[in-house]
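J.: I would like the atomic coordinates for the input below:
(one chain, ligands or ions: 1)
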Amino acid sequence: MRPMKVFVTGGTGAIGGYAVPALVAAGHTVTALTRTPQKSAVVRQQGARPAEVSLFDRSQLREAFRGHDAVINLASALPSAERFMLTSAWRECQRIRTEGSAAVVDAALDAEVPRVVQESVVMICRDNGDDWVDEDSPVDRFPLAVGNHAAEANNHRFSTQHGTGVVLRFGIFYGPGAAHSEQIMRMARHHIGFRAGRPDAYVSSIHLADAAAAVVAALDCPTGTYHIVDDEPVTKRDDARSMAAAVGRRSWVSGPGRVAALLGNRTTSMTRSLRVRNNLFRSTTGWAPRYPSVREGYAQMAAVLASRTSSTASG
Ligand SMILES: NC(=O)c1ccc[n+]([C@@H]2O[C@H](COP(=O)([O-])OP(=O)(O)OC[C@H]3O[C@@H](n4cnc5c(N)ncnc54)[C@H](OP(=O)(O)O)[C@@H]3O)[C@@H](O)[C@H]2O)c1
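T.: Got it, this is the predicted structure:
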């Protein structure tokens, strides 16, 4: 792949913390949207150039995007685990995904950027039980997914009007730096397992390092929507067991289990059965996950977190 000039939004978040260094390592010249001097310093340390512009200001974005070969939109504001159930906590995230993705596409069109990559989630797909979920499987339009659908629609508008539009629907992120998965791993060390939904329902995940490698590969793939998940989705029962095994503990209790489903649409993205296939992106780009399932990925994550703890203790 030829070196490109790439503009990244959300480059200072969990996936961004892997994606920006991976893009730099692949030889690309990277500009990342930042909102504070502290984050600008982090971005510089990663070998990228910070640009302090607003995600909602089309003219600022247009000037910042000019001369770039691709824009990658990874921005979001997912609520913390404690506030996940509050509809009001999703307002900023929905705004970023609807208004933000529209501004990104409008500015990319104005600046004649040839490629826009938009993050999305496989959790908008419909529960498919034990059967595989592909890119042409039906999606659901539950309230929390409104922003994801809007972001995907804006990306389709870009590819219809101008250039190459790529939607990456990621599975559940995990790995060092993914706050929710670190929290679940800490609970596992205290013999508490996390499982939302039926034990035999499937969950499709992706290690942040593999998600970042997919972001790099998306710079060289045709217009389309692609599922970015690992090779072997596991049942929720096996997911909780893999987490417990990674930290060498047995779970004495686990939850919220089937009770989560009673909370309706606000938990539907976590409780459904999604056995998602990654064949399309693999065959189109040659990308393959380094961690084929959470069994290997959680073990790597546990080792990194343990070494972080021991270096803090000795430091
Ligand atoms: N977590 C998952 O399991 C999961 C799974 C699949 C897909 N995804 C999606 O992947 C994307 C990235 O997730 P993540 O875990 O990396 O999120 P994250 O760690 O919360 O990072 C969010 C990023 O968006 C930026 N941002 C927040 N508000 C902004 C605003 N008003 N204007 C501009 N930038 C703003 C943040 O900048 P600051 O650093 O300045 O705050 C940060 O760079 C999200 O859209 C998420 O929905 C997540």
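J.: hey, let's count contacts and neighbours off CA atoms from now on
T.: Noted.
J.: list the contacts for Ala260?
T.: Ala196, Gly197, Thr267, Thr271 (CA atoms under 8 Å, 6 or more residues apart in numbering).
J.: Tell me which of those residues fall in strands.
T.: Among the contacts of Ala260, the members found in strands (DSSP state E) are Ala196.
J.: Just among the contacts of Ala260, which is most surrounded?
T.: Neighbour counts for the contacts of Ala260 were taken using other CA atoms under 10 Å; the highest belongs to Thr271, with 29 neighbours.
J.: Touching, it and Asp200? I think so.
T.: No: using CA atoms under 8 Å, Thr271 is not in contact with Asp200, being 10.9 Å away.
J.: Overlap of the contact sets of these two?
T.: Looking at what touches both Thr271 and Asp200 (by CA under 8 Å, 6+ apart), there is no common residue.
J.: My understanding was that Ala151 contacts Gln118; is that so?
T.: Yes: here Ala151 lies in contact with Gln118, judged by CA under 8 Å, at a distance of 7.2 Å.
J.: if we can go back for a sec, okay, the contacts of Ala260 in CSV with pLDDT next?
T.: Shown next, in CSV, are the contacts of Ala260 (pLDDT from 0 to 100):
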residue, pLDDT
Ala196, 83
Gly197, 84
Thr267, 71
Thr271, 86
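J.: can you pull the contacts of Thr9?
T.: Residues in contact with Thr9, defined by CA under 8 Å, 6+ apart, are Ala32, Leu33, Thr34, Leu55, Val71, Ile72, Asn73, Leu74, Ala75.
J.: Mind doing that once more with 6 Å?
T.: Ala32, Leu33, Asn73, Leu74, Ala75 (CA atoms under 6 Å, 6 or more residues apart in numbering).
J.: Let me know the closest of those residues to Ser159.
T.: Asn73 (14.7 Å; CA to CA).
J.: now, among the contacts of Ala260, which is nearest to Leu109?
T.: For Leu109, the nearest member of these is Thr267. The distance, counting by CA to CA, is 35.6 Å.
J.: circling back: with respect to the ligand, which of the contacts of Thr9 is nearest?
T.: Nearest to the ligand among those, counting by CA to the nearest ligand atom, is Ala75 at 3.4 Å.
J.: tell me which residues form a beta bridge with the most centrally placed residue in the chain?
T.: In the chain, the C-alpha nearest the mean C-alpha coordinate belongs to Phe170, at 5.0 Å (CA atoms, centre = their mean). Assessed by DSSP bridges, Phe170 has beta-bridge partners Val121, Ile228.
J.: pLDDT wise, what is it at?
T.: According to the model's per-residue confidence, Phe170 sits at a pLDDT of 98.
J.: Pull the contacting residues for it.
T.: Phe170 neighbours (CA under 6 Å, 6+ apart): Val121, Val122, Ile228.
J.: same thing with Leu23?
T.: Val216.
J.: Please see if the host helix or strand of it touches the ligand.
T.: Using DSSP states H and E, Leu23 sits in helix 14-25. Yes: with CA under 6 Å from any ligand atom as the measure, helix 14-25 is seen reaching the ligand through Ala14, Ile15, Gly16.
J.: Name the nearest residue to the second one, ignoring sequence neighbours.
T.: The shortest distance from Ile15 to any residue that is not its chain neighbour, by CA to CA, 6 or more residues apart in numbering, is 5.8 Å, and that residue is Leu208.
J.: ditto for Met4
T.: Counting by CA to CA, 6+ apart, Met4 lies nearest to His28, which is 5.0 Å off, once chain neighbours are set aside.
J.: repeat for Asp210
T.: Pro289 (5.3 Å).
J.: And for the one you found, the neighbour number?
T.: By the other CA under 10 Å criterion, the neighbourhood of Pro289 contains 19 residues.
J.: Name the residues of the longest helix along the chain that are buried.
T.: When every helix of the chain is counted residue by residue (DSSP state H), the longest turns out to be helix 294-314. Within helix 294-314, the residues scored as buried using 16 or more other CA atoms under 10 Å are Val294, Arg295, Gly297, Tyr298, Ala299, Gln300, Met301, Ala302, Leu305.
J.: Tell me who's in contact with Pro143.
T.: Pro143 touches nothing, counting by CA under 6 Å, 6+ apart.
J.: And it, how close does it get to Asp136?
T.: Pro143 sits at a distance of 21 Å from Asp136 (criterion: CA to CA, to the nearest Å).
J.: do Ala209 as well
T.: Here the criterion is CA to CA. By it, Ala209 lies 26 Å from Asp136.
J.: Pick out whichever of these two has more residues nearby.
T.: Relative neighbour count places Ala209 above the other of Ala209 and Asp136, with 22 against 9, counting by other CA under 10 Å.
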